[in-house]
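Asker: give me coordinates for this.
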Amino acid sequence: MSLYPEGAILTLKKSHPCGSREWQVLRAGWEYRLQCVGCRHVMLMRRDQLHKLVVADHQRVAPQTATSGTGCHRPEAASPGAGTQSPS
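Answerer: Numbers count the residues shown, from 1 in each chain. Now for the predicted structure:
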């Protein structure tokens, strides 16, 4: 079980050399992969070390990758009457 989910924005006690204190969680688990919000630098940090450095966490919802919310990608469903043929 991860304490901070992927996509969460964490504010750490110490600032990065670029000046930003916010990091985005790219991978959660025993080791966290974090990306600096300011300069996009990526680093790995153990869970116990990260827990000591976090001041605040901001949950961010990951964007959906699907283009349609229905999940129906059949071309015949797009046009009305395309699938209705009368028996001859």
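
Asker: residues contacting residue 43?
Answerer: Neighbour list for residue 43: 33, 34, 36 [criterion: C-beta atoms under 8 Å, 6 or more residues apart in numbering]. Just so you know, the C-beta spots here come from the backbone N, C-alpha and C atoms, and that holds for glycine as well.

Asker: tell me, how many residues neighbour the nearest residue to residue 13 once chain neighbours are set aside?
Answerer: The shortest distance from residue 13 to any non-neighbouring residue, by C-beta to C-beta, 6 or more residues apart in numbering, is to residue 53 (5.2 Å). Neighbour count of residue 53, defined by other C-beta atoms under 10 Å: 14.

Asker: strands of this structure, start to end?
Answerer: Taking DSSP state E as the criterion, the chain contains strands spanning 9-12, 22-27, 31-36, 42-46, 54-58.

Asker: buried stuff in the shortest one?
Answerer: For strand 9-12, a neighbour-count test (16 or more other C-beta atoms under 10 Å) marks 10, 11, 12 as buried.
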